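Visitor: Predicted model and sequence follow; I will ask about them next.
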Amino acid sequence: MLTDFDGTLAPIVDDPDAAEALPGSAEVLSALAARLALVAVVSGRPASYLTRHLPDARGVVLAGLYGLERVVDGRVVESDEARRWRPVVAEVADRAEREAPAGVTVERKGSSVALHVRTAPQHAGWIERFAEHAAGGSGLVAHPGRMSVELRPPTGGDKGSVVEELGASLSRVAFLGDDRGDLPAFAALERLRAGGVTTLAVAVDSTEAPAELLAAADVVAAGPAAVLEALRTLLG
Ligand SMILES: [Mg+2]
């Protein structure tokens, strides 16, 4: 059972720093981890963020920054790829902080940087243009998200490569997600399915849910509360 964090376990809030998983999430994930072959949180957040926000998620694999970081025995392990791109990302983040109009939030994640306009949607065009320009100049790749855009290293994977890697030895794999960044995970499920694995793609609905994600899902959950409820029922 593989799941996204923001918008799936944690309701979306204006300040990305203030996001919290719904109470009880870590306990339910731990209980599932004791019963299933694998429970993993696969997120665009840094791995250190995931350990801070799910400190009680025992036995749960935490994959951060789209797989560029992993928590192993409670310690964050960064890929070589992630390390190599840190200075480039820092430079772009510095520029974003200097140039961004008021209301744009620059979220520094170490090996990636996200620009948010949740509290200033009028600047959606600005972050899009900035990301396009910064991507062209730096080699980073711009990935649009819910009221945001993220600049990430060109290689080092996406949620799809994480799902494919973690799901490789399993006979049944489910992935839950709410945003465009989860589409590669759904695509990875398709590839696993073609190889004989039973898969379940769960989209988490919201007023901002991308139509292509809902269309690609086997099941749609109404929101993080519905996800938590469904995970609880798995415990029986
Ligand atoms: Mg999400």
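Guide: Here it is on my side, so go on. Numbers count the residues shown, from 1 in each chain.

Visitor: got any ranges where the protein has weak pLDDT?
Guide: For the chain, the stretches flagged by pLDDT under 70 are 156.

Visitor: dump the residue contacts of the most centrally placed residue in it.
Guide: Central residue of the chain (Cα atoms, centre = their mean): S43, 2.7 Å from the mean position. By Cβ atoms under 8 Å, 6 or more residues apart in numbering, S43 lies in contact with D4, F5, D6, Y49, L50, L62, A63, G64, L65, Y66. Just so you know, the C-beta spots here come from the backbone N, C-alpha and C atoms, and that holds for glycine as well.

Visitor: so how far is the ion from the last one?
Guide: With distances taken as Cβ to the ion, to the nearest Å, Y66 is found 11 Å from the ion.

Visitor: got the buried residues for stretch 151-164?
Guide: Burial within stretch 151-164, assessed by neighbour count using 16 or more other Cβ atoms under 10 Å, is assigned to L151, R152, P153, G156, G157, D158, K159, G160, S161, V162, V163, E164.

Visitor: May I have the top helix by length along the chain as PDB, with CA atoms only?
Guide: Scanning the chain for the helix with the most residues, using DSSP state H, yields helix 80-99. C-alpha atoms of helix 80-99 as PDB (Å, rounded to 0.1, in the frame of the first residue of the first chain):
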ATOM      1  CA  ASP A  80      23.900  11.100  -5.400                       C
ATOM      2  CA  GLU A  81      21.600  12.700  -8.000                       C
ATOM      3  CA  ALA A  82      19.900  14.800  -5.300                       C
ATOM      4  CA  ARG A  83      23.200  15.900  -3.900                       C
ATOM      5  CA  ARG A  84      24.500  16.900  -7.300                       C
ATOM      6  CA  TRP A  85      21.600  19.200  -8.000                       C
ATOM      7  CA  ARG A  86      21.500  20.900  -4.600                       C
ATOM      8  CA  PRO A  87      23.600  24.000  -5.600                       C
ATOM      9  CA  VAL A  88      21.600  24.500  -8.800                       C
ATOM     10  CA  VAL A  89      18.300  24.300  -6.900                       C
ATOM     11  CA  ALA A  90      19.600  26.700  -4.200                       C
ATOM     12  CA  GLU A  91      20.500  29.300  -6.900                       C
ATOM     13  CA  VAL A  92      17.100  29.100  -8.500                       C
ATOM     14  CA  ALA A  93      15.400  29.300  -5.000                       C
ATOM     15  CA  ASP A  94      17.500  32.400  -4.200                       C
ATOM     16  CA  ARG A  95      16.400  34.000  -7.400                       C
ATOM     17  CA  ALA A  96      12.700  33.100  -6.800                       C
ATOM     18  CA  GLU A  97      12.900  34.700  -3.300                       C
ATOM     19  CA  ARG A  98      14.500  37.800  -4.700                       C
ATOM     20  CA  GLU A  99      12.100  38.200  -7.600                       C
END
